[in-house]
Structure formats: C-alpha cells, structure tokens
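Chemist: Next come a sequence and a model predicted from it.
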Amino acid sequence: NAGVTQTPKFRVLKTGQSMTLLCAQDMNHEYMYWYRQDPGMGLRLIHYSVGEGTTAKGEVPDGYNVSRLKKQNFLLGLESAAPSQTSVYFCASNNRPDGYTFGSGTRLTVV
Amino acid sequence: AQSVTQLGSHVSVSEGALVLLRCNYSSSVPPYLFWYVQYPNQGLQLLLKYTSAATLVKGINGFEAEFKKSETSFHLTKPSAHMSDAAEYFCAVSGMEYGNKLVFGAGTILRVKS
C-alpha cells in the first residue's frame, strides 16, 4: 500500500541544470498537485492536474513545467534550475476535497 | 483570493501547559478544514479535519479543534503540552471557494519548554 511516492528524495543541482521530479500514486486518484515548502511561507501550490492529460497553474508556477501523461504519474520539471528553486517539494493526490494524500517530499538544493 | 491566516509564526509553551494555535479562514461557505503537523525533516501528518459533521473535532496525539462559523476560525488546542509536540503546524482549507484545492497557512512553529 504505497500511496504517493516521490522520487528522488534528495537532489543537488547546479544553476542552469534541468531535472524532473516524479510523483506516482496507486490509489486511482483523479487530482494531483505539486507544492513547494519554504520557511515561513507554508506550502504553496505550483501546478495541479484534474485528470489524465490535464494540467493547470497554481500560485507559483514560474520556472516549472508539469505533465500528466498517465493517470498515476505527475511529473514536475525544472528546465533551468535557479537558487530560488531550492525548496522542499511535496506531491499530493485526492478524489475528494475532504481528503488528501501526501508524498514524503523531495529536498532540492540548487547551488 | 481566499486565504488562510495562522496567527503567530512561533508559539512557545511550557511542558504541561495549554497549547493554542490559531487559524482563521476567509470563506462565505464553510470549507473543509485541516490541521497538519510536520516534525523536523519529515513529511506532513494529518492531525485532524473538519468536514461539516461535529464542530468539535478530535484528532491524534490529544489534539482537538473547534470550527466556529461566526468567527471563521478553526483553532487547534491541546490541554497539556508534551516535549514531543514540538513541531511545525499547518492549517489548511479546501472547498468550492478555494477551487477545490488545498490552501495552506504559513505555519506555526511550536516550542515546548521543560
């Protein structure tokens, strides 16, 4: 019973490098979300998806792209990483607004 | 935009004292309300949630929260703090007026003094 799995758990990038964070859920959830967590700012929504093949911008989408080619996977891409993207990234999924399942997070450092 | 406000970025209590963490939301329709806890270098753990049933919600680890529509509040309390309660706590809201997305407050760091 895996729930929501995020890979990798840790990553260090150099400025300008690209990478993709993977979120996989095995609960057949329609909705998936990517958040970033920064000190004193809570979790802020980057992008989200309301179903396979759909994506939408959240509160802080600049510098990120996403794809939802398969229902169970939601990918977050950084095309050209910047130090301002140093953060902890959380993926979440749900079917109803009264319950969300979170992944364990990815700690990304951009140097 | 609809928002969630947590009053106090840092709260300090003595062991055994009452814990009160404040959360206010902006919504004309009662939303779904959540409290999460995050221990250092860990993920989010759901403490409790309000989903329009009883207004007093009991959660894990002795925490509870009361939904007050007239005050648009959902404050988290615990009668007696333990050292193990030291963590960061997040209030979050979802529902129609939030686009059915989960919106978080900025968080409150709870310190428990011995």
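Modeler: The structure has been received and is ready for your questions. Residues are numbered from 1 along each chain as shown, chains lettered A, B, ... in the order given.

Chemist: isn't there a helix covering A:L69?
Modeler: No. Residue assignment for A:L69, taken from DSSP: H, G, I helix; E, B strand; the rest coil, gives coil, which places it outside any helix.

Chemist: That one and A:L21: what is the separation?
Modeler: For A:L69, the distance to A:L21 (CB to CB, to the nearest Å) stands at 15 Å. Bear in mind the C-beta positions are built from the backbone N, C-alpha and C, glycine included.

Chemist: same thing with B:I60?
Modeler: Distance from B:I60 to A:L21, by CB to CB: 29 Å.

Chemist: Which one's more surrounded, these two?
Modeler: Here B:I60 and A:L21 are set side by side on neighbour count (other CB atoms under 10 Å in any protein chain shown), and the busier one is A:L21, at 21 against 10.

Chemist: List the contacts of that one.
Modeler: Counting by CB atoms under 8 Å, 6 or more residues apart in numbering or on different chains, A:L21 touches A:Q6, A:T7, A:P8, A:W34, A:L75, A:L76, A:G77, A:L78, A:Y89, A:C91, A:T106, A:L108.

Chemist: so which strand or helix has it?
Modeler: Assignment of secondary structure by DSSP states H and E places A:L21 within strand A:19-25.

Chemist: do the same with A:N94
Modeler: Secondary structure here is read from DSSP H and E; on that basis A:N94 sits in strand A:87-96.

Chemist: swap in A:M32?
Modeler: Using DSSP H and E, the element containing A:M32 is strand A:31-37.

Chemist: Low-confidence stretches in chain A?
Modeler: Within chain A, the stretches falling below the threshold (pLDDT under 70) are A:1.

Chemist: Show me which residues of it sit near chain B.
Modeler: By the rule CB under 8 Å from any CB of the partner chain, the part of chain A lying against chain B is A:31, A:33, A:35, A:40-45, A:48, A:58, A:90, A:92, A:97-100, A:102-105.

Chemist: A:D38 - how many residues pack around it?
Modeler: Here the count is done by other CB under 10 Å, and A:D38 has 14 residues near it.

Chemist: Report the separation between it and B:G107.
Modeler: Distance, A:D38 to B:G107, by CB to CB: 10 Å.

Chemist: B:S12 now?
Modeler: B:S12 sits 15 Å away from B:G107 when distances are taken as CB to CB.

Chemist: what's the answer for A:L21, then?
Modeler: With the distance defined as CB to CB, A:L21 ends up 22 Å from B:G107.

Chemist: same question, A:L13
Modeler: Distance from A:L13 to B:G107, counting by CB to CB: 25 Å.

Chemist: out of these two, which sits in the more crowded spot?
Modeler: In this view A:L13 and B:G107 are compared by other CB under 10 Å, and B:G107 has more residues nearby, 22 against 19.

Chemist: what sits against that one?
Modeler: Taking CB under 8 Å, 6+ apart as the definition of contact, the neighbours of B:G107 are A:G40, A:M41, A:G42, B:Q6, B:S9, B:Q38, B:E88, B:Y89, B:F90.
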